[in-house]
Each structure stands twice: as structure tokens, then as C-alpha cells.
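> how would this look folded up:
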Amino acid sequence: MAQPRTGVPQPDAFAHRNPAPDAEAVVRDGDVQRIPLPAGVEGNPQALVLLLAVLDRVLQQRLEQEDGDGRIEHCRVDGELYGQAVAESCAADRGVTSFKAYTDITRAELRAAVREAHQRGVKVTGHLCSVTYEEAAEIGIDNLEHGFFVNTELDPDKHPDTCSASGGDYTLEHMLPGSADADRLIATLIRHHVAITSTLLGTAASVSLEPLRPAVLQAMSPSAREAYFYGRNRPKSTRNVALLLHREMDLERAFVAAGGLLLAGADPVGNGGVIPGFGDQREIELLVEAGFTPVQAIRIATLNGAIFLGRQDQIGSIAVGKRADLVVMRGDPATRIADIENVEIVFKDGVGYDTAKLLESVQGHYGEY
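Numbers count the residues shown, from 1 in each chain. Predicted structure coming up:
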């Protein structure tokens, strides 16, 4: 089974599949009061899997609590208790605004989850593997994460509802822009109004040997810096990462040229020195390297996201009556995209924040938790 690109453990034991026996959660009055983790979990990447299992147990306890009338709350989908669909329907009713499907979800689970979410006006995105992009589009998913990197449709060992060995590398390598396979996929995505989120940075970081900007290293905690340098000095993978990166860039351009809605994200998991803010800037620069103009890349990273969320009347561009969420930069990123790094002032809801003070406040902290 392919290993996730972010270094997170495989989700075979995620949440509703195999709850961790040692995890405990105390729920009082519908709120989580305490989640004690087993000894040795803190700082261990397996904590992610454990946390999801804990949250699933909390959810199940919450669903079984009696309400004020003495009745038991039930959330069922077609008579079956699908973990994914239960989580989505009940959480959406309590104010959750979006959901993400992960690699090992089945088509039936995704279909149930999408139906429950859409009935409540909530969108579903996904980092997929067991479900192909065309299958997800036909089911009704709203967005696909990580560009075309994790589409497994052409992988030779792909079977229904299971991940393939390469996790999509084979498909990306063999799906040439302009080919029948690529054209059919792009047409299907656009016909079903499925957006694509570009996350070029993680792959690009494993190709480039350029050092990180000093400000990025300064923002990292000591342990995060140590992990970054450790990963950088490890032997490189035998995967043809540079080829896959450029193929991804070509498909993203083809998708936009055909009328698709491309979004941008940094996927700031810390691996490869990818952290929030700085990672978003580098993603925009990589979109330009992919062949988009600076203005196109900026729009992909700003207005397109607002359009996807249905909030383009409030955010995403500068116009009278919109929220004053702005960045003031030294230079002209519309002609020289590297100027996007020269941020002087950040405005949030019309309040200005000094960039130097913001960066100073987070120095040495990213990656602490």
C-alpha cells in the first residue's frame, strides 16, 4: 500500500475502523472534558491516528447521550451506521462547515458522506486513493486535494475501494496532457463542477536543493528544524519526482485552460520545511513556474478560493464593500512574483498588523504541538 506523501501513518486504523483501546475520552454535557493519551504518545506521529480514534469514540458517546426529553439521539444513513456519514451529518448539524475524505474511504462511504453533507449545504473535499478522481466526481465530491498527484485510475494494480501500490504515481506519469485519458478526466471534473487544489510545494521541496529562507527556519521549533535537516540529508527516493512535478504542473495548466477551477494550498505539514504563510507564498511562485502568469497565480490563491466557498462577495479580491483582509507588499508581484515575499503590513478586518512583530511572535514555535 502506498505511503502517504506527508509522512503521516497509513489510515488503516483511522477513527471508525479500529478505535485505540487505550484511549479514553470523558464527555460531560456534550463537551470533551479530558482526553488522556497513553504514555509515550506525545511527539509520536502515531498520535494522529490515536487522536482520530479518540474523537470517534467521543462522537459515538455524544450520539448515544440522552437529550432533554429522555430520547436517544440517532444518526443513521439508510439504516446503517456508516462512521463517515454519521460524523458528517451529526457534525454538520452542530456547525461544522466542511469535511475531508481520506485515502481508504470506500465509494459507498463517500457517497453516503457526500449526500449527508450536501443535504446540509456543506462541501466535501478529499485526499483520495481508494476512490479514483472520476469515481469521486460522479459521486459528487466538491474538491480534490493535491492536484492530480493522488489519482489512481490508471494504476495497474488498482482494485475497487482499495489503494494502489504507487498511490497515483503511475497514473500521473502515464497521463499525458492532451491524451484521451487526460481529456476525459478533465471534462468529467468540469462537468461535475469539481475544483482541484494545487499543492506543489511538498513535491517541489524534495526536488530543490535551495536552502529555506532564514525567516522560515527561524519560525520553526528546534525539533521541527532538526526534522527538516534530517529529511534533507537522507538518501533521495528512487521515484522520478521531478518528472511527476512537471507532469502535475502541465495537467493543472490544462485543467485551467479547459475552464476548471484551480485552488492553491500549501499543505503545511512541516515536512520539507513547508509551514503556513511562507508555504502559501512559495506555492504561488511555483504556479508561476508552472506557466501561469503572476496575476493568474495570485487569483488562483485568492479569489478562486473565495469562489469555491461561495464567499466572493465578501473576500478574495479588493473592492468597495468587501472585508478589509489585505497584505501590503514592497514591489510589484504582478510583474515580479518574488515580491510576494516582501510583506510590510497585514490587515485583518481592517486592523493593521506589523509583519516584523508577527514573525517575532512565532519564532521558534512552529512545530511545538
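> Please report how far Leu262 lies from Leu244.
18 Å (Cβ to Cβ, to the nearest Å). Yep, even glycine has a C-beta here, placed from its N, CA and C like the rest.
> With Ile345 instead?
38 Å.
> if we can go back for a sec, so for Leu262 and Leu244, which sits in the more crowded spot?
Leu262 (23 against 18; other Cβ atoms under 10 Å).
> For that one, report the pLDDT, please.
For Leu262, the pLDDT comes out at 98.
> Point out where the stretch 251-369 of the chain drops to low pLDDT.
Low-confidence segments of the stretch 251-369 of the chain (pLDDT under 70): none present.
> hey, where'd the strands end up in it?
Using DSSP state E, counting those that start in this stretch, the strands of the stretch 251-369 of the chain run over 262-264, 326-329, 343-348, 351-354.
> Go through those strands and pick out the most buried.
strand 262-264 (a mean of 24; mean count of other Cβ atoms under 10 Å).
> Flag the shaky bits of the stretch 101-250 of the chain, pLDDT-wise.
Checking the stretch 101-250 of the chain against pLDDT under 70 turns up 238.
> the helices in it, which residues?
For the stretch 101-250 of the chain, the helices defined by DSSP state H, counting those that start in this stretch occupy 107-119, 133-139, 169-174, 180-191, 201-207, 214-219, 222-233, 241-257.
> buried ones in the fifth one?
Using 16 or more other Cβ atoms under 10 Å as the test for burial, helix 201-207 gives 201-206.
> can you put the strands of the stretch 251-369 of the chain in CSV and add distance to Glu138?
Listed next are those as CSV, based on distance: least, Cβ to Cβ, whole Å:
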stretch, distance to Glu138
strand 262-264, 20
strand 326-329, 39
strand 343-348, 39
strand 351-354, 44
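> chain center to stretch 326-346: distance?
25 Å (Cα atoms, centre = their mean, to the nearest Å).
> Contacts for that stretch next, please.
By Cβ atoms under 8 Å, 6 or more residues apart in numbering, the surrounding residues in contact with stretch 326-346 are 213, 281, 284-285, 288, 294-295, 297-298, 318, 347, 352-355, 358.
> rerun that using 10 Å as the cut-off
Stretch 326-346 is contacted from outside by 213, 215, 277-278, 280-282, 284-289, 292-295, 297-298, 301-302, 318, 325, 347-348, 350, 352-356, 358-359, using Cβ atoms under 10 Å, 6 or more residues apart in numbering.
> Ends of it, what's the gap?
6 Å (Cα to Cα, to the nearest Å).
> likewise stretch 215-227?
Start-to-end, stretch 215-227 (Cα to Cα) is 17 Å.
> what comes up buried for it?
By 16+ other Cβ under 10 Å, the buried positions in stretch 215-227 come out as 216-217, 219-221, 224-225, 227.
> Quick one: distance of it to the chain centre.
Distance, stretch centre to chain centre, for stretch 215-227: 22 Å (Cα atoms, centre = their mean).
> So Lys100, which state does it fall into?
strand (DSSP: H, G, I helix; E, B strand; the rest coil).
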